[in-house]
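[1] Attaching a predicted model along with its sequence, questions to come.
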Amino acid sequence: MKRRLFVGTIAMVSLVSGAGRAQPADWQTIVGRDLRFRVEMPAPATESKAAEKEKGHDGERVGWASKLNGEMFDFDYVDYQAGWYSERDTKVMARELGRGEAEKAFPRTLQGWDGYALDIEDQGGAVVMMRTYIVKDRLYRLLVTAKNDDANKAAAARFLDSLRLAQTRQ
(Lines give C-alpha, C1' and ligand atoms only; values in the text may rest on other atoms or scores of the structure.)
Protein backbone atom coordinates (compact mmCIF):
# COMPACT_ATOMS: atom_id res chain seq x y z
CA MET A 1 0.00 0.00 0.00
CA LYS A 2 1.41 3.37 -0.98
CA ARG A 3 1.39 6.07 1.65
CA ARG A 4 1.66 9.76 0.90
CA LEU A 5 2.76 12.51 3.22
CA PHE A 6 0.60 15.61 3.12
CA VAL A 7 1.65 18.88 4.62
CA GLY A 8 -1.02 21.47 5.08
CA THR A 9 -3.37 23.17 7.43
CA ILE A 10 -5.05 21.52 10.39
CA ALA A 11 -8.26 21.27 8.36
CA MET A 12 -6.44 19.35 5.63
CA VAL A 13 -4.73 17.04 8.14
CA SER A 14 -8.19 16.29 9.52
CA LEU A 15 -9.50 15.53 6.00
CA VAL A 16 -6.65 13.14 5.20
CA SER A 17 -6.27 11.42 8.56
CA GLY A 18 -9.93 10.99 9.43
CA ALA A 19 -9.52 13.30 12.43
CA GLY A 20 -6.92 11.12 14.11
CA ARG A 21 -8.95 7.90 14.00
CA ALA A 22 -6.92 4.69 13.73
CA GLN A 23 -7.66 2.67 10.61
CA PRO A 24 -7.66 -1.14 10.47
CA ALA A 25 -5.26 -2.68 7.94
CA ASP A 26 -8.15 -4.15 5.93
CA TRP A 27 -9.50 -0.67 5.07
CA GLN A 28 -7.79 2.11 3.15
CA THR A 29 -8.37 5.81 2.74
CA ILE A 30 -8.76 7.20 -0.76
CA VAL A 31 -7.88 10.89 -1.03
CA GLY A 32 -8.62 12.79 -4.24
CA ARG A 33 -5.60 14.04 -6.14
CA ASP A 34 -7.11 17.52 -5.91
CA LEU A 35 -7.63 16.99 -2.12
CA ARG A 36 -11.37 17.72 -2.46
CA PHE A 37 -12.54 14.45 -0.83
CA ARG A 38 -11.63 11.48 1.33
CA VAL A 39 -13.45 8.13 1.55
CA GLU A 40 -12.70 4.82 3.29
CA MET A 41 -13.00 1.50 1.46
CA PRO A 42 -12.03 -2.11 2.09
CA ALA A 43 -8.48 -2.76 0.86
CA PRO A 44 -7.34 -3.18 -1.81
CA ALA A 45 -9.33 -0.67 -3.84
CA THR A 46 -8.68 -0.55 -7.57
CA GLU A 47 -8.79 2.78 -9.38
CA SER A 48 -10.34 3.09 -12.83
CA LYS A 49 -11.09 5.86 -15.32
CA ALA A 50 -13.84 5.95 -17.91
CA ALA A 51 -13.16 8.22 -20.87
CA GLU A 52 -16.70 8.07 -22.29
CA LYS A 53 -18.58 11.24 -21.55
CA GLU A 54 -22.26 11.79 -20.96
CA LYS A 55 -24.08 15.04 -21.56
CA GLY A 56 -22.52 17.83 -19.51
CA HIS A 57 -19.36 15.98 -18.47
CA ASP A 58 -16.20 18.07 -18.37
CA GLY A 59 -13.85 15.19 -17.66
CA GLU A 60 -13.57 11.46 -17.30
CA ARG A 61 -15.32 9.51 -14.55
CA VAL A 62 -12.78 8.43 -11.91
CA GLY A 63 -13.67 5.56 -9.63
CA TRP A 64 -12.48 2.96 -7.14
CA ALA A 65 -13.88 -0.51 -6.51
CA SER A 66 -13.25 -3.11 -3.84
CA LYS A 67 -14.82 -6.17 -2.25
CA LEU A 68 -15.26 -7.35 1.32
CA ASN A 69 -16.85 -10.71 2.18
CA GLY A 70 -18.03 -10.93 -1.44
CA GLU A 71 -19.85 -7.57 -1.18
CA MET A 72 -19.30 -4.71 -3.63
CA PHE A 73 -18.01 -1.23 -2.65
CA ASP A 74 -17.85 1.36 -5.45
CA PHE A 75 -17.04 5.06 -5.32
CA ASP A 76 -16.74 7.44 -8.26
CA TYR A 77 -16.95 11.08 -9.23
CA VAL A 78 -17.21 13.09 -12.42
CA ASP A 79 -16.82 16.80 -13.09
CA TYR A 80 -19.47 18.59 -15.12
CA GLN A 81 -19.15 21.72 -17.25
CA ALA A 82 -18.96 25.01 -15.37
CA GLY A 83 -22.41 26.03 -14.22
CA TRP A 84 -24.01 22.63 -14.95
CA TYR A 85 -25.15 22.30 -11.33
CA SER A 86 -23.77 25.39 -9.60
CA GLU A 87 -25.99 27.79 -11.57
CA ARG A 88 -29.16 25.75 -10.93
CA ASP A 89 -31.20 24.76 -7.90
CA THR A 90 -29.32 21.62 -6.85
CA LYS A 91 -32.30 20.28 -4.89
CA VAL A 92 -34.26 20.28 -8.13
CA MET A 93 -31.28 18.76 -9.96
CA ALA A 94 -31.02 16.01 -7.32
CA ARG A 95 -34.69 15.16 -7.89
CA GLU A 96 -34.13 15.15 -11.66
CA LEU A 97 -31.22 12.74 -11.22
CA GLY A 98 -33.55 10.33 -9.39
CA ARG A 99 -34.67 7.40 -11.47
CA GLY A 100 -37.69 6.02 -9.65
CA GLU A 101 -39.90 5.91 -6.61
CA ALA A 102 -37.22 4.11 -4.56
CA GLU A 103 -34.98 7.17 -4.66
CA LYS A 104 -35.66 10.03 -2.32
CA ALA A 105 -34.13 13.39 -1.58
CA PHE A 106 -31.97 13.34 1.51
CA PRO A 107 -33.67 14.82 4.56
CA ARG A 108 -30.12 15.68 5.71
CA THR A 109 -27.29 16.53 3.34
CA LEU A 110 -23.54 15.95 3.39
CA GLN A 111 -21.80 19.08 4.70
CA GLY A 112 -24.66 21.14 3.26
CA TRP A 113 -24.49 19.66 -0.26
CA ASP A 114 -27.61 18.23 -1.91
CA GLY A 115 -28.01 14.65 -3.04
CA TYR A 116 -30.26 11.64 -3.15
CA ALA A 117 -30.37 8.10 -1.78
CA LEU A 118 -31.38 4.73 -3.14
CA ASP A 119 -31.95 1.88 -0.68
CA ILE A 120 -33.33 -1.42 -1.97
CA GLU A 121 -33.85 -4.42 0.32
CA ASP A 122 -34.78 -7.88 -0.91
CA GLN A 123 -37.04 -10.35 0.89
CA GLY A 124 -34.04 -11.90 2.62
CA GLY A 125 -32.86 -8.55 4.03
CA ALA A 126 -29.87 -8.08 1.70
CA VAL A 127 -29.49 -4.46 0.57
CA VAL A 128 -28.15 -2.31 -2.25
CA MET A 129 -27.52 1.29 -1.18
CA MET A 130 -26.44 4.23 -3.29
CA ARG A 131 -25.69 7.82 -2.27
CA THR A 132 -25.17 10.59 -4.79
CA TYR A 133 -24.03 14.11 -3.89
CA ILE A 134 -23.87 17.26 -6.02
CA VAL A 135 -20.95 19.48 -4.98
CA LYS A 136 -20.66 22.61 -7.12
CA ASP A 137 -20.21 21.04 -10.58
CA ARG A 138 -19.00 17.62 -9.39
CA LEU A 139 -21.13 14.54 -8.85
CA TYR A 140 -19.99 11.96 -6.26
CA ARG A 141 -21.56 8.49 -6.11
CA LEU A 142 -21.16 5.68 -3.55
CA LEU A 143 -22.67 2.22 -4.18
CA VAL A 144 -22.53 -0.76 -1.82
CA THR A 145 -24.16 -4.17 -1.39
CA ALA A 146 -24.59 -5.98 1.94
CA LYS A 147 -25.93 -9.35 3.01
CA ASN A 148 -28.42 -9.43 5.87
CA ASP A 149 -25.95 -9.70 8.74
CA ASP A 150 -24.56 -7.22 11.22
CA ALA A 151 -20.94 -7.32 9.98
CA ASN A 152 -21.78 -6.67 6.32
CA LYS A 153 -24.33 -3.96 7.10
CA ALA A 154 -21.87 -2.27 9.48
CA ALA A 155 -19.18 -2.28 6.76
CA ALA A 156 -21.68 -0.80 4.27
CA ALA A 157 -22.67 1.94 6.74
CA ARG A 158 -19.01 2.72 7.48
CA PHE A 159 -18.31 3.14 3.77
CA LEU A 160 -21.37 5.34 3.11
CA ASP A 161 -20.66 7.50 6.18
CA SER A 162 -16.94 7.89 5.45
CA LEU A 163 -17.12 10.41 2.60
CA ARG A 164 -15.70 13.76 3.71
CA LEU A 165 -15.37 16.81 1.52
CA ALA A 166 -12.80 19.59 1.76
CA GLN A 167 -15.54 22.18 1.23
CA THR A 168 -18.67 22.91 3.19
CA ARG A 169 -21.52 24.60 1.40
CA GLN A 170 -22.01 28.19 2.53
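    Looks like it arrived, so ask away.

[2] make it CA atoms for all contacts and neighbour counts henceforth
    Will do.

[3] Wait, a strand at Val78?
    Yes - looking at Val78 with DSSP: H, G, I helix; E, B strand; the rest coil, it is inside a strand.

[4] Across the sheet, point out what pairs with it.
    Leu139 (DSSP bridges).

[5] Compute the number of surrounding residues for it.
    19 (other C-alpha atoms under 10 Å).

[6] For the chain, just list every one of the helices.
    10-17, 90-97, 150-162 (DSSP state H).

[7] ranking those helices by mean pLDDT, which is last?
    Sorting the helices of the chain by mean pLDDT places helix 10-17 lowest, at a mean of 34.

[8] tally of neighbours for the residue lying closest to Arg141 once chain neighbours are set aside?
    The shortest distance from Arg141 to any non-neighbouring residue, by C-alpha to C-alpha, 6 or more residues apart in numbering, is to Thr132 (4.4 Å). Residues near Thr132, counting by other C-alpha under 10 Å, number 24.

[9] same deal with Asp150?
    10.
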